[in-house]
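In: got a predicted structure plus its sequence, pasted below:
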Amino acid sequence: MKVIMLQDWIESNPFIALLAAVIGLVLLYLFSRIVFGRSLLYLTSLTKNKYDDIIAKSLRPYRAAWLIPFIVLYILAYLSPTHQSVIENLALFFILWLVALTINGLLNAVNQIYESSSVFKGVSIQGYLDILKLLIILVAVILSISLITGESPLLLLSGLGALTAVLLFAFHETIMSLIASIQISVNDLVKEGDWLEVPSFDADGTVINVSLYLVRIQNWDNTITIIPTSKLIETSYRNWRGMQESGGRRIKRALHIDQTTLRFCTPQMIERFGRIDLIHDFVAERMMQIITYRKEKGKVDSPLDGPQITNVEIFRAYAEAYLKNHPDIHTKKMDFLVRELEPLPTGLPLEIYAFTKTTKWNEYERIQAEIFDHLLAAAKFFDLHLFQEPTGSDFSHALRR
């Protein structure tokens, strides 16, 4: 009897009833916000576990608190028989989207927890979660249309076949991104933490995120480059992960020796070079070959007769011995050589081709600088000059002469 009287009052006072319903829903939201939202955030702040903080933040409890008022609205819709259907559909519409957004937030939390756990090795699952979130939104859209039109969701789904071409056109980028994301994941092409160099996008830095649609790269100047996932598959790029996993980074740099300073060594030069510990045995062996030849041949008419030794040969042997004794250079597990390249107008290139035992950028640069600082300074001891373009001081000295 009381329910019938309340229904009659609502029907005769619709504006007052609507105002009362709005005020009641707001008060109920404020109550659920305090009881549900703040309580959840407070409880998570008491624990030392970071995962519950991630879940609470992703669920957005203040937004989820709206579920309670709309659930109550749906339950009490019978109090207005004339508008019961409209009120129920409206309540279900908001409940549907609040649930969809909450589930998507939970998927975001799953991704954050996975990436912050010890099992994460840079292989992102965000692309798959994005697909799942997209499906949830699609289901929510279909159910929303069903609520508005009153048609069965199954009927709407059966009609999607006729719209396949339209959907393929509308979701072309999504489909291409999905295919690219699967290729990247299956073939292990790119993962978070990789050093990626993409010249066509002017990107050079660390991959910080791989999602369904985008790959985010933080460049070395701390700028962010965003590359569509589908475009990354189509363009050329260099992934330095192999170098990082190998445990060695290549040094490939040459000293350019002034060719006018190359000469055969005199006995005095050989004696001086033989006192260097690193190449003492090498110089003694080469000198023994020269002495043996001269004993066998007797008189030597020309300095070009028989084996000779040059200052650049000894310097090359010294550079090799120096690198072999360097604690930060691979000499056995990876390629290692000191070689002469084709003479150029800029001099004779003496190239160092070796690998450091570290892949860290700052350590690598320090080791490389240390090596070439030493060799640049040591070249003068072997009576060798390194080539460089003449400067103003060179011209001034020439004029004074």
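Out: The structure has been received and is ready for your questions.

In: in the stretch 201-350 of the chain, which spans are helices?
Out: 229-234, 241-246, 267-274, 280-297, 311-324 (DSSP state H, counting those that start in this stretch).

In: packing partners of the longest one?
Out: Other helices and strands packing on helix 280-297, by 3 or more C-beta pairs under 8 Å, 6 or more residues apart in numbering; DSSP states H and E, are helix 267-274, helix 311-324. In short, each C-beta sits where N, CA and C put it, glycine included.

In: pick the most buried one from the ones you listed.
Out: helix 311-324 (a mean of 20; mean count of other C-beta atoms under 10 Å).

In: same question for that helix, mean pLDDT?
Out: In this model, helix 311-324 carries a mean pLDDT of 94.

In: can you name every helix or strand that it contacts?
Out: Judged by 3+ C-beta pairs under 8 Å, 6+ apart, the packing partners of helix 311-324 are helix 280-297, strand 337-340, strand 348-356, helix 361-378.

In: show me the longest helix that occurs in this structure.
Out: In the chain, assigned by DSSP state H, the helix with the most residues is helix 84-116.

In: okay, buried residues for the following helix or strand past that helix please.
Out: Per DSSP states H and E, the first helix or strand lying C-terminal to helix 84-116 is helix 126-149. By 16 or more other C-beta atoms under 10 Å, the buried positions in helix 126-149 come out as 126-131, 133, 136, 140, 143-144, 146-147.

In: which one, of the helices and strands packed on helix 280-297, ends up nearest to E296?
Out: Between E296 and those, the shortest gap by C-beta to C-beta is with helix 267-274, which sits at 19.1 Å.

In: what comes into contact with that closest one?
Out: Contacts to helix 267-274, defined as C-beta atoms under 8 Å, 6 or more residues apart in numbering, come from residues C265, I279, H280, V283, A284, M287, I309, N311, I314, F382, D383.

In: likewise stretch 285-293?
Out: Outside stretch 285-293, the residues within contact range by C-beta under 8 Å, 6+ apart are I270, G274, G306, P307, Q308, I309, E313.

In: mind putting those residues into CSV with distance to K357?
Out: Output for these, formatted as CSV (distance: C-beta to C-beta, whole Å):
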residue, distance to K357
I270, 34
G274, 31
G306, 41
P307, 36
Q308, 37
I309, 32
E313, 28
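
In: nearest to P69, of the helices and strands packed on helix 311-324?
Out: Using C-beta to C-beta as the measure, helix 361-378 is the one of the helices and strands packed on helix 311-324 that comes nearest P69, at 55.2 Å.

In: report the rounded mean pLDDT for that closest one.
Out: On average, helix 361-378 scores 93.

In: packing partners for it?
Out: Partner elements for helix 361-378 (3+ C-beta pairs under 8 Å, 6+ apart): strand 249-257, helix 311-324, strand 348-356.

In: for those, could you give me CSV that also reports distance to I34?
Out: Putting the helices and strands packed on helix 361-378 into CSV (distance: least, C-beta to C-beta, whole Å) gives the following:
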stretch, distance to I34
strand 249-257, 57
helix 311-324, 70
strand 348-356, 60
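
In: out of these, flag the one nearest M176.
Out: strand 249-257 (35.1 Å).

In: list the buried residues for that closest one?
Out: Within strand 249-257, the residues scored as buried using 16+ other C-beta under 10 Å are R249, I251, A254, L255, H256, I257.

In: now do that strand against helix 361-378, angle only.
Out: Strand 249-257 runs at 20 degrees relative to helix 361-378, counting by axes from the mean of the first three to the mean of the last three C-alpha atoms, to 10 degrees.

In: now what about strand 249-257, what contacts it?
Out: Under C-beta under 8 Å, 6+ apart, the answer for strand 249-257 is 243, 312, 341, 344, 346-356, 358-359, 364, 367-368, 371-372, 375-376, 379, 384-387.

In: for the closest residue to R241 other than its chain neighbours, give me its contacts.
Out: Leaving aside its sequence neighbours, R241 sits nearest to D194 (C-beta to C-beta, 6 or more residues apart in numbering; 4.8 Å). The contact partners of D194, by C-beta under 8 Å, 6+ apart, come to G122, T206, V207, N239, W240, R241.

In: where's D194 relative to G127, distance?
Out: Using C-beta to C-beta, to the nearest Å, we find D194 at a distance of 15 Å from G127.

In: among the contacts of helix 267-274, the buried ones, what's the PyMOL command?
Out: Burial among the contacts of helix 267-274 is assessed by 16+ other C-beta under 10 Å; the matching PyMOL selection reads:
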select buried, resi 265+279+283+287+309+311+314+382+383
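
In: from the contacts of helix 267-274, which two are the most distant?
Out: A284 and D383 (19.8 Å).

In: okay, Y51: pLDDT?
Out: Y51 carries a pLDDT score of 71 in this model.

In: hmm, it is touching Y114, no?
Out: No: here Y51 does not reach Y114: they are 10.4 Å apart, not a contact under C-beta atoms under 8 Å.

In: hmm, which of the contacts of D194 is lowest in pLDDT?
Out: At the low end of pLDDT for those is G122, which has 62.

In: in TSV, list the helices of the stretch 201-350 of the chain along with distance to I75.
Out: Shown next, in TSV, are those (distance: least, C-beta to C-beta, whole Å):
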stretch	distance to I75
helix 229-234	45
helix 241-246	56
helix 267-274	98
helix 280-297	94
helix 311-324	81
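
In: looking at those helices, which is closest to L59?
Out: Of all the helices of the stretch 201-350 of the chain, helix 229-234 sits nearest to L59, with 27.3 Å by C-beta to C-beta.

In: what sits up against the closest one?
Out: Contacts of helix 229-234 (C-beta under 8 Å, 6+ apart): 127, 173, 176-177, 179-181, 183-184, 189-190, 198, 201, 210-215.

In: try it again with 7 Å
Out: With C-beta atoms under 7 Å, 6 or more residues apart in numbering as the test, helix 229-234 has contacts from M176, S177, A180, S181, Q183, V190, L212, Y213, L214, V215.

In: buried sites along that helix?
Out: T229, S230, K231, L232, I233.

In: distance from it to the middle of the chain?
Out: 15 Å (C-alpha atoms, centre = their mean, to the nearest Å).

In: quick one on the thing from earlier: which of the buried residues of helix 229-234 lies closest to H330?
Out: L232 (31.9 Å).

In: no further questions, thank you.
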